[in-house]
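Asker: Predicted structure and sequence below. I'll ask about it afterward.
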Amino acid sequence: MQRVHLAVANDYGSIDVQDSCPKGHVHIRGKRLQPLCRRLGVKYAAALVGFREYRGQYSPILDGVVVTERSAPKVRQAIAEREERARKRTPAKRMGERVRKERRDAAEFLGCIKEQFPGCPEPEAERVAAHACTTASGRVGRTRTLDLWERVRRAVVAHVRHHHTDYDSLLAGRLGEESRLAARDAVADRVRSVLERWQQPMPSDPTSHRGPSDGVWEPSQEALEAWAGYHGHANWDAFLATDPPACRLTQVMVTTANMEHILQQEGWTWEECHDWLRSMEGPSEDRNPIT
């Protein structure tokens, strides 16, 4: 790896400039100058301008960088160009850039969720990605101290804990680290069970919906009636009358059979499933049936 710090820097990659700067070097003040120097290929050291005391502990105060006199004009020119670009960026442009970046990050995050947890339902995967990657949220999707795989794992675990267990109710009204850890321990088995299921591929065609004994899962009449009711039809026959295409019917049958199997595993009722689906899909006017 190419060395980016100056030879005169200390073990922490900084230089104390409280009294003076080393001969042949220049202190340039400003924010985010270290990544700028790395992009320019300029060797640098963080500029130490003092110390901050808090509860008996001291932490360094850094302001800008120290570079050689030969490199200083190049860095100052880059700073000026950066400031000029910033002046030309209107609030609308900045917001547009932020939204586009957030969407790119969420798309990358979603792809990794599908790779790591292929059995995670699509609406939930999208919700996890959008929640984790919200700009300036401080959530795990925004950190760069962890690789993408670990960020995704932690985000999915947190989602399962909050949406598939009674973790929030256990924590309600309780404060402190001990209460939080106790609540996590109480739901750990449930979280592990959901994660293990999501790590298995989700069936995508009728022949892959294998039941416990006799091949393809067949949805019960109760499941079909519940599915029709969820989409606003009086009963299954009414659903067939308004949505006759065979390709759609096949997909609905398969999806309903798969959902019924999951309900049996989870011990949910259809009413509980409907509440969960509505919470995932948003207001009824935004809900789109399977196409």
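Answerer: Yep, that arrived.

Asker: For residue 182, see how far away residue 102 is.
Answerer: If you measure residue 102 against residue 182 using Cβ to Cβ, to the nearest Å, the figure is 35 Å. The C-beta positions use only the backbone N, C-alpha and C, and glycine is treated the same way.

Asker: Neighbour count: these two, which is higher?
Answerer: residue 102 (18 against 13; other Cβ atoms under 10 Å).

Asker: which helices and strands does whichever strand or helix holds the more buried one pack with?
Answerer: Secondary-structure assignment from DSSP states H and E places residue 102 in helix 91-116. Helices and strands touching helix 91-116, by 3 or more Cβ pairs under 8 Å, 6 or more residues apart in numbering; DSSP states H and E, are helix 122-132, helix 148-163.

Asker: between those, which one is nearest to residue 67?
Answerer: Distance to residue 67, taken as Cβ to Cβ, is lowest for helix 148-163 among the helices and strands packed on helix 91-116, at 32.6 Å.

Asker: and the helix or strand that the closest one is followed by, average pLDDT?
Answerer: Sequence order places helix 167-171 as the next helix or strand after helix 148-163, per DSSP H and E. Regarding helix 167-171, the rounded mean pLDDT is 85.

Asker: what's the answer for stretch 138-157, then?
Answerer: Rounded mean pLDDT across stretch 138-157 is 87.

Asker: returning to that earlier point: mind giving me a markdown table with the helices and strands packed on helix 91-116 and columns for mean neighbour count and distance to residue 24?
Answerer: Below are the helices and strands packed on helix 91-116 laid out as a markdown table (neighbours: other Cβ atoms under 10 Å; distance: least, Cβ to Cβ, whole Å):
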| stretch | mean neighbour count | distance to residue 24 |
| --- | --- | --- |
| helix 122-132 | 19 | 46 |
| helix 148-163 | 18 | 42 |
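
Asker: wait, which of those helices is closest to residue 76?
Answerer: Here helix 148-163 is closest among these (Cβ to Cβ), at 35.4 Å.

Asker: What helices and strands are in contact with the closest one?
Answerer: The contact analysis (3+ Cβ pairs under 8 Å, 6+ apart) places helix 148-163 against helix 91-116, helix 122-132, helix 177-198.

Asker: Name the stretch among those helices that sits most buried.
Answerer: Greatest average neighbour count among the helices and strands packed on helix 148-163 goes to helix 122-132 (a mean of 19), per mean count of other Cβ atoms under 10 Å.

Asker: by contact count, what packs against that one?
Answerer: Packed next to helix 122-132, using 3+ Cβ pairs under 8 Å, 6+ apart, are helix 91-116, helix 148-163, helix 270-281.

Asker: for the protein, what helix or strand is lowest in average pLDDT?
Answerer: Of the helices and strands making up the chain, the lowest-confidence element is helix 246-266, at a mean of 54, by mean pLDDT, DSSP states H and E.
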